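sharing a model prediction with you, sequence too.
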Amino acid sequence: MAESSRQSASFLPALAATFLGAVYMVFFLAVESQWEIFGLLVGAGLAMYLLRRFKVLQIVGQSAKDHSMAFAAAVVGATMAISLYFYDDNFVLFLVATVLVYILTCLGLNIQFGFVGVVNFAGASFFGVGCYTAAILTKHSATPHILVLLLGGLAAAAVGFIVLVPVLKTRGHYGALVTIAFALLFKTFLEVNDTLGGPQGLKCGGLNLFGWDVNQDIVIGSFEGSFYLGYIAVALALCVLGFLVNAWGAVSFKRGPPFDRFFDTWLVP
């Protein structure tokens with residue numbers, strides 16, 4: 001009753017935190033001196049301590065929780081603004097695109113750790129399965145790249161499912177040991193396999209979506225931006241989709257079926 005009668009928090013704290021976070025990231029990505037980077041890290045740590053000490057973070061967290069969709073839109077907008085600020089800096093945009101890819105990977109771990117409670121140390125290996133599947137299809141087939149993105153994810157999910165089924169049938173720390181063994185085997189397999197490029201990896205062509213060559217610089221009138229902006233747009237769209245899947249998974253696990261029946265039948269020992 002008390003929970004339902006509580007008034008919704010204002011969205012301004014979450015919006016202000018998003019804005020300040022974006023400004024901080026601009027400064028962090030723009031500086032080059034090691035001492036400047038060290039100072040920014042120390043300053044961020046001190047600021048977080050003070051904000052937590054005076055319970056400002058609780059206010060921001062409640063604001064973001066009460067306005068989750070608006071907060072998500074603000075974060076997406078901040079990411080786009082940071083990318084456009086460094087529109088012609090290939091290195092910075094490469095870092096932003098890489099971070100977005102790893103965020104998408106971590107969303108998969110969130111399902112495993114957060115929803116299912118699986119201790120999995122082979123997440124990077126499943127990520128590698130998807131990457132190599134996409135690279136092979138791009139290099140050796142005429143599969144449309146939009147399908148390549150889908151098939152890479154499906155391949156990673158399929159291998160992950162095959163490995164994690166016996167893991168969830170074990171007890172204690174033995175399941176974690178199985179994932180560690182798979183990660184070591186997969187790493188060794190890639191290093192000794194010359195067909196897949198060995199330790200140097202497999203080089204493939206650029207992304208092409210519906211006739212749009214993502215490897216080409218973006219030119220709109222007088223605006224000339226790095227081609228990495230295209231990769232950031234694709235990665236950001238996949239991150240949004242990943243967050244939606246996570247949100248759907250959270251709601252489904254709270255409700256029970258169909259996940260409860262599936263895990264009780266096939267995965268729980």
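That came through, no problem. Residues are numbered from 1 along each chain as shown.

going forward, measure contacts between C-alpha atoms and count neighbours the same way
Noted.

next one: Ala181 from Ala157, what distance?
18 Å (Cα to Cα, to the nearest Å).

can you report how many residues lie near Ala81?
15 (other Cα atoms under 10 Å).

which secondary structure elements does whichever strand or helix holds it sit against?
Using DSSP states H and E, Ala81 maps to helix 68-85. Contacts defined by 3 or more Cα pairs under 8 Å, 6 or more residues apart in numbering; DSSP states H and E place helix 68-85 against helix 12-30, helix 228-255.

who wins for proximity to Ile218 among these?
Ile218 lies closest to helix 228-255 among these, at 7.7 Å (Cα to Cα).

ok, Ala181 and Ala157, which is more surrounded?
Higher neighbour count among Ala181 and Ala157: Ala157, with 17 against 13, using other Cα under 10 Å.

now that one: which helix or strand?
helix 145-168.

which elements pack onto that helix?
Using 3+ Cα pairs under 8 Å, 6+ apart, helix 145-168 sits against helix 123-140, helix 174-192, strand 208-209.

what's in contact with the first one?
Identification of contacts with helix 123-140 by Cα atoms under 8 Å, 6 or more residues apart in numbering yields 105, 109, 143, 145, 148-149, 151-157, 159-160, 182-183, 186-187, 196, 202-205.

the shortest one now?
Residues outside strand 208-209 that contact it (Cα under 8 Å, 6+ apart) are 144-146, 214-215.

and the average pLDDT for the helix or strand following that strand is what?
Using DSSP H and E, the helix or strand that follows strand 208-209 towards the C-terminus is strand 212-213. What strand 212-213 shows for mean pLDDT is 86.

and for stretch 8-24?
90.

and it, what's buried?
Neighbour counts over stretch 8-24 (16 or more other Cα atoms under 10 Å) mark 9, 11, 13-15, 17-19, 22 as buried.

same question for stretch 150-167.
The neighbour-count check on stretch 150-167 (16+ other Cα under 10 Å) flags 151-153, 155-157, 160, 163-165, 167 as buried.

next, the angle from the helix holding Ala157 to helix 228-255.
Calculated by axes from the mean of the first three to the mean of the last three Cα atoms, to 10 degrees, helix 145-168 forms an angle of 40 degrees with helix 228-255.

how much space separates the nearest residue to Gln112 once chain neighbours are set aside from Phe127?
In space, Gln112 comes closest to Val118 once its chain neighbours are excluded; the distance is 5.3 Å by Cα to Cα, 6 or more residues apart in numbering. For Val118, the distance to Phe127 (Cα to Cα) stands at 17 Å.

higher neighbour count, the two?
Phe127 (21 against 17).

against Thr179, how distant is the more buried one?
Using Cα to Cα, we find Phe127 at a distance of 13 Å from Thr179.

near Val116, how many other residues are there?
14.

where does the protein have low pLDDT?
1-7, 171-172, 251-269 (pLDDT under 70).

contacts for stretch 175-192, please.
119-122, 124-125, 163-164, 166-169, 196-199.

which positions within it qualify as buried?
175-180, 182-183, 186-187, 190.

what distance separates stretch 32-44 from the centre of its chain?
25 Å (Cα atoms, centre = their mean, to the nearest Å).

equivalent analysis for stretch 193-210, please.
From the chain centre to the centre of stretch 193-210 is a distance of 21 Å (Cα atoms, centre = their mean).

and that stretch, how far apart are its ends?
Stretch 193-210: ends 33 Å apart by Cα to Cα.

could you pull out the buried residues of it?
Here stretch 193-210 shows 196, 202, 207 as buried, counting by 16+ other Cα under 10 Å.

and if you look at stretch 227-242?
227-236, 238-239, 242.

now tell me what touches it from outside.
Taking Cα under 8 Å, 6+ apart as the rule, stretch 227-242 contacts 76, 83-84, 87, 90, 93-94, 96-97, 100-101, 103-104, 107, 214-218.

in what helix or strand does the closest residue to Leu57 other than its chain neighbours lie?
In space, and not counting its chain neighbours, Leu57 is closest to Leu51: 5.7 Å by Cα to Cα, 6+ apart. Assigned by DSSP H and E, Leu51 belongs to helix 34-53.
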